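Student: Give me the fold of what follows.
(chains A and B, ligands or ions: 2)
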Amino acid sequence: MFYLKLAQRNIRKSFKNFAPFLLATIMMFVLNFILASIAFSPQLDKLGIKSVSVVLIIGQVILIPFSIGIEIYAYRFLLKKRSREFGLYDILGLGKAQIIVVALFELLFLLLATVLLGTIAGVILSKFLFLVFIALIGGNYFNLTFSMLGFAMPTIVALTAFVLLAVISTWTIHHHSSLALLHSENQGEREPKSRGFLAFLGVLLLVVGYYMAITVKIGPSLVTTFAGAVLLVIVGTYLFYVAFTIWYLKRQKRGRRYYQPEKFITTNALLYRMKQNAIGLGNITILVTMAIVTLVTTVMLQTGLKQTVISNMPFTTELSAMNTGDTHVGNVSEEQFKSILSQTEKKSQVNLKKGIQYVDYGTPRMILSSGKHVTINHLTDSYNKAGVTTVQVVSRDTLIKLGNKLPKLAPNDVLIHNYSGHFNAETINWFGQLLYVKGQTTNVKNYPTQSSIGNSMMIVAQNDAQAEQLYQRIKFDANSYTIPRRTLITNLSKRGSKKVVKAFKAEGKSSVSPISTSAVDRFALLQEAQVYTGGFLFIGFTLGLTFIIGAALIIYYKQIAEGEQDKEAFRILQEVGLSKKEVSQTINSQIRLLFFMPIVVAIVHFAGAYMMVSKIINAFGITNKTLMLSVSGGVILLIAVLYYIIYKITSRSYVNIVQRHV
Amino acid sequence: MLLEVNHLEKIFKTRFSKETTAALRDIDFSVENGEYIAIMGESGSGKTTLLNILATLEHPTNGTVALNGNNITNIKANDLAKFRREHLGFVFQDFNLLDTLNVRDNIYLPLVLNRKPVQMMKERIGTLAPLLNISELLNKQPFELSGGQKQRVAIARALMTQPDLILGDEPTAALDSKNSDRLLNLFEQINDEGQTILMVTHSSVVASHAKRVLFIKDGMIYHQLYRAERSTSDFNKEINLAMGSVLGGN
Ligand SMILES: Nc1ncnc2c1ncn2[C@@H]1O[C@H](COP(=O)(O)OP(=O)(O)O)[C@@H](O)[C@H]1O
Ligand SMILES: [Mg+2]
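Tutor: Residues are numbered from 1 along each chain as shown, chains lettered A, B, ... in the order given. Ligands and ions are numbered 1, 2, ... in the order given. Below you'll find the model as predicted:
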């Protein structure tokens, strides 16, 4: 087969031209592969969280057209370099039909190479990332298993792209005369048109998107609002680059200061750059934004969940016992609890004397009326009815034992600790009993906190007896019944805690009385949280990296393409009377501007998404605002550094091209 | 004396080998105000190198170049660009127009770089555009122009600063013969109005439009001819004759 041989030989002979193209197709294959492997991993269902699937879907929706786009871009680049060769074949009498056959064979080889090398690289890279990740986290919490769909997805994407490339290749060769192929030089480009309406629309979409993101409310509509805002911002971003920047530059041209050297050169050069690069810049911006959002979310989940566990459990070990006999049998008595504890001490050989005892009355949800005189007289299951608040009854004695300083209270006086803000009521009608609000306790130390969705508050009663009395007044129904637990909290070593928990739990089973015991060990809880968040972190980590690699690839191609153009401008400006230094300064400042614009816009996007991201994270019970700020800062810094490294490496290829002819 | 070139030598060292090329060996000549000079020689004889040195785009290995009595070979690197844009105008083989600027802005470019008032740019383009017959092209982009039009735009750009000297490197090489003739006539016309022009070329037809022709070979000037009152075709014949006799009649 002559054409097959010729195609083979072409690729071997001018591998230098084919290499960047192959690099691009393989990279895109690998990115699609990794994303699909995670998305279709059976493990994901086990983690089953909506925000992850949203990120994955957006990731794929962006990545698939993006990778096809990149491949077309890379191929047109290749075609331009090779058109001379094709023109020569034509003149030497090979005929267009035959040239097309050769070009298609070349594409077939390239496709096979892409799928083969891409699969190998994809498996190796994802395994490698996985190992790095496990080493970082110190445990295996997410099993990376490859599924058929994980292979099929990227292959289908690559196939689609190559079919398009075949069409492009056929069309290009068919529609160009051999002479045109031979002299396929850069044809001049028209100055881009200013499209004021689109520019305005772009900015409008961004503003609306930001507004939606900032004002989003927790609730069932969160995910749809999130998706809507993301969509608006994505479209707005492209319009911003395509229309707004050009509209702005055009305006500059009409300005009074236009005929100043710096402005004159930069404005005109940017005008053309923007025309060619708008979509690329939009892609980079969105990828970088997604990398930031993904990493911030996952790192927050990882570190925040740990902090939440610690703040929910100020002590390492929590032992509690309750009566499970007939309803309303009352608390486990102090004597009963003491004997269970001493049994536990004996069996576990761990001293529990330092522990603090109190009665935990649970966290029922109640409906509060508003105003200065609040009435509370029924419970609810719902989270989102008006006035729903989680109410904890706590004895002042308990809080004092935990080291809090509180004012003295009369029998019907209470203090309020409101987790979500100021509580203005003066009196509370508590199931028919009038309570006087004597003040607010702004900060409660060491009491296991509630991280619940929505409002919650703590009512501090005069003493243990009074707290018990308040609890008894609550009119429970079958669904909302909560049983008080006599509880001991204490700080133990990891080993001690484990032994005590085991012994204490066993006590509940062996006991003849209808008392059930439960025990929580913070060490075990942290371990569990780690399992849960570890999977997320791996996904976020890989996605973030994928987005960054995608961005890097576009940047690389941009640099080569721009190098070729700037080479000319560089020389001409020098001849007309700009010094070498001035020329490189102007060009550098342009490149820097174009390079750092996406990351600045991405950071602005992230700022817009900040409220939304923190609300999503809040839903996991992580409310630490300073942590969120510092994690965001850290991630942005990390990505900026990575981005800068990419810039430095790729700009070397740019400088090489430009300087060759100066 | 506008320009004085003394014992100019240029030796290129290749970066990765020890080989050296002597592009210019010992060049001596001078140019008076208002002259129109062609430097003629075969490909590889050192024409572009010479022109680049006159244009301060390159440094000579030895020798001096003086413009209006000032040695321009030891202008500090930082001042070179300023010198170029104030004293010299360029017309190159491949036009060298910036694709990103429209024709008007391409012509304005040197004055913009010199931070001259817009008023001055408008006045000068007002006299130059009709002269060069490019008035209708001012709002177009370079890629919309033909080669001849592009070269006339490049000349307008070179004349905008009213330079002491216009330098041309094969300015007609990319033009067909008709446009080439038009351009050469234009050069003569500009020269008649007092503009000093120095161009290098390998073509005797092109050279025959100049008032004086210097012959360069292997980096040396070995002969010169004055056109005086001869027609271009007579002068062309004489140039060819001179080339033939010196080269041994090939
Ligand atoms: N940058 C350079 N480095 C090395 N050699 C050069 C360089 N520029 C020109 N030369 C050499 O100097 C000689 C003269 O070149 P050039 O001035 O371009 O000739 P012309 O313009 O007359 O064709 C040639 O032998 C050429 O190879
Ligand atoms: Mg030359």
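
Student: From the chain's centre, how far out is stretch A:149-157? Work that out for me.
Tutor: Taking CA atoms, centre = their mean, to the nearest Å, one finds stretch A:149-157 lying 24 Å from the centre of the chain it belongs to.

Student: Give me the contact list for it.
Tutor: Defining contact as CB atoms under 8 Å, 6 or more residues apart in numbering or on different chains, one finds that stretch A:149-157 is touched by A:28-30, A:32-33, A:36-37, A:39-41, A:64, A:67-68, A:115, A:118-119, A:122. From N, CA and C alone the C-beta is placed, and that goes for glycine too.

Student: Can you point out the buried residues in that stretch?
Tutor: Buried residues in stretch A:149-157, counted by 16 or more other CB atoms under 10 Å in any protein chain shown: A:150, A:151, A:153, A:154, A:155, A:157.

Student: Buried by neighbour count: which residues of stretch B:41-61 qualify?
Tutor: In terms of neighbour count (16+ other CB under 10 Å), stretch B:41-61 has its buried residues at B:41, B:45-58, B:60-61.

Student: Which of these fall in helices?
Tutor: Within the buried residues of stretch B:41-61, residues falling in helices by DSSP state H are B:47, B:48, B:49, B:50, B:51, B:52, B:53, B:54.

Student: State the distance from the residue in the stretch 201-350 of chain A positioned nearest to ligand 1 to chain B.
Tutor: Nearest to ligand 1, among the residues of the stretch 201-350 of chain A, is residue A:265, at 26.5 Å (CB to the nearest ligand atom). Residue A:265 sits 8 Å away from chain B, taking CB to the nearest CB, to the nearest Å as the criterion.

Student: after the strand or helix carrying that residue comes which helix or strand?
Tutor: Here residue A:265 sits within helix A:261-312, counting by DSSP states H and E. Counting by DSSP H and E, the element after helix A:261-312 in chain order, helix or strand, is strand A:317-323.

Student: Off-centre distance for the helix holding residue A:265?
Tutor: 12 Å.

Student: Now do it, average pLDDT.
Tutor: What helix A:261-312 shows for mean pLDDT is 81.

Student: Could you dump the ones in helices among the buried residues of stretch B:41-61 into a markdown table with pLDDT and distance to ligand 1 added?
Tutor: Formatted as a markdown table, these follow (pLDDT from 0 to 100; distance: CB to the nearest ligand atom, whole Å):
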| residue | pLDDT | distance to ligand 1 |
| --- | --- | --- |
| B:47 | 93 | 3 |
| B:48 | 91 | 3 |
| B:49 | 92 | 3 |
| B:50 | 94 | 7 |
| B:51 | 92 | 8 |
| B:52 | 89 | 8 |
| B:53 | 92 | 10 |
| B:54 | 92 | 12 |
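
Student: got the residues of chain A near chain B?
Tutor: By the rule CB under 8 Å from any CB of the partner chain, the part of chain A lying against chain B is A:187-191, A:259-261, A:264, A:268-269, A:271-272, A:565, A:568-569, A:571-582.

Student: Can you sort out which of the contacts of stretch A:149-157 also neighbour ligand 1?
Tutor: On the criterion CB under 6 Å from any ligand atom, none of the entries of those sits beside ligand 1.

Student: Mind checking which of those are in strands?
Tutor: Among these, no member is found in strands (DSSP state E).

Student: can you map out the strands along chain B?
Tutor: Counting by DSSP E, one finds strands in chain B at the ranges B:3-13, B:20-31, B:36-40, B:62-67, B:70-71, B:88-92, B:165-169, B:197-201, B:212-217, B:220-226.

Student: With respect to residue A:209, which of these lies nearest?
Tutor: strand B:88-92 (50.0 Å; CB to CB).

Student: in stretch B:28-41, what counts as buried?
Tutor: Across stretch B:28-41, burial judged by 16+ other CB under 10 Å covers B:29, B:31, B:35, B:36, B:37, B:38, B:39, B:40, B:41.

Student: farthest-separated two in those?
Tutor: Greatest spatial distance in the buried residues of stretch B:28-41: B:35 and B:41, 18.5 Å, computed using CB to CB.

Student: Stretch A:95-113: which residues count as buried?
Tutor: Burial within stretch A:95-113, assessed by neighbour count using 16+ other CB under 10 Å, is assigned to A:96, A:99-107, A:109-111.

Student: same question, stretch B:188-198
Tutor: Neighbour counts over stretch B:188-198 (16+ other CB under 10 Å) mark B:190, B:191, B:195, B:196, B:197, B:198 as buried.

Student: Okay, and the beta partners of residue A:461?
Tutor: Here residue A:461 sits in beta bridges with residue A:395, residue A:414, going by DSSP bridges.

Student: Which helix or strand in chain A has the lowest average pLDDT?
Tutor: helix A:178-182 (a mean of 55; mean pLDDT, DSSP states H and E).

Student: Now the element after that one, going C-ward?
Tutor: In N-to-C order, the element after helix A:178-182 by DSSP H and E is helix A:196-215.

Student: Now the element after that next one, going C-ward?
Tutor: Using DSSP H and E, the first helix or strand after helix A:196-215 is helix A:222-239.

Student: Going by neighbour count, which residues of the following helix or strand past that next one are buried?
Tutor: Per DSSP H and E, the first helix or strand lying C-terminal to helix A:222-239 is helix A:245-254. Using 16+ other CB under 10 Å as the test for burial, helix A:245-254 gives A:245, A:246, A:247, A:248, A:249, A:250, A:252.

Student: Output helix A:245-254 as CSV, nothing but the C-alphas.
Tutor: The C-alpha trace of helix A:245-254 is given here as CSV (Å, rounded to 0.1, in the frame of the first residue of the first chain):
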residue,chain,number,x,y,z
THR,A,245,-12.3,43.7,25.7
ILE,A,246,-12.6,44.6,22.1
TRP,A,247,-15.2,47.2,22.7
TYR,A,248,-13.0,48.6,25.4
LEU,A,249,-9.9,48.7,23.2
LYS,A,250,-11.8,50.3,20.4
ARG,A,251,-12.9,53.0,22.7
GLN,A,252,-9.3,53.5,23.7
LYS,A,253,-8.5,54.1,20.0
ARG,A,254,-10.8,57.0,19.9
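
Student: Good, we can wrap up now.
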